[in-house]
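In: Structure here, sequence nowhere to be found:
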């Protein structure tokens with residue numbers, strides 16, 4: 001029941017965003033790229049450095065986590081812990097590691113679809129705040145991570 005409701009709401013939102021109010025700009029002489037921006041400059045001024053910081057910290061945490069897990073495994077093997085116990089302890093990390101490609105696939109798919117929707121509705125978006133386009137991107141990314149979370153919850 002929840003899946004059908006989620007799918008119908010998602011399709012309704014996509015229908016409104018994609019086909020809601022698309023208009024073609026007939027007079028291109030009035031186009032000013034500095035005034036008519038779909039995504040404001042402040043988003044890039046703040047977002048890109050934050051993205052680099054996030055990626056750097058994520059890489060550092062992943063490396064440290066991997067090293068700590070390897071050291072823990074070696075210590076547990078040295079202590080003589082049974083194989084069944086090791087499997088139970090590290091089952092969650094193995095499931096997360098196996099689903100990493102799915103997470104990044106969903107992330108790039110959501111970003112690509114949101115950018116396509118923004119591109120095809122740029123005339124409509126020029127009449128509204130630039131943060132509306134950012135909201136579309138964040139909406140699709142959050143839906144992608146929700147899907148990933150549900151898949152991960154079923155696997156663990």
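Out: Great, that's in hand. Model, not experiment: these values are computed from the prediction.
In: as a whole number, average confidence for the strand or helix carrying residue 148?
Out: Residue 148 is located in helix 131-155, with elements delineated by DSSP states H and E. Here helix 131-155 scores 90 as its mean pLDDT.
In: List the buried residues for it?
Out: Neighbour counts using 16 or more other CB atoms under 10 Å place 132, 133, 134, 136, 137, 139, 140, 143, 144, 147, 148, 152 of helix 131-155 among the buried residues. In this view, the C-beta of every residue, glycine as well, is placed from N, C-alpha and C.
In: Please spell out which residues along the helix or strand hosting residue 112 are buried.
Out: Using DSSP H and E, residue 112 sits within helix 100-120. By 16+ other CB under 10 Å, the buried positions in helix 100-120 come out as 103, 106, 110, 113, 114, 117, 118.
In: got a markdown table for those, with distance to residue 80 and pLDDT too?
Out: Compiled in a markdown table, the buried residues of helix 100-120 are given as follows (distance: CB to CB, whole Å; pLDDT from 0 to 100):
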| residue | distance to residue 80 | pLDDT |
| --- | --- | --- |
| 103 | 35 | 90 |
| 106 | 41 | 94 |
| 110 | 46 | 95 |
| 113 | 51 | 94 |
| 114 | 52 | 92 |
| 117 | 57 | 91 |
| 118 | 58 | 87 |
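In: Kindly present these as CSV, with separate columns for distance to residue 57.
Out: Putting those into CSV (distance: CB to CB, whole Å) gives the following:
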residue, distance to residue 57
103, 17
106, 21
110, 22
113, 27
114, 24
117, 30
118, 28
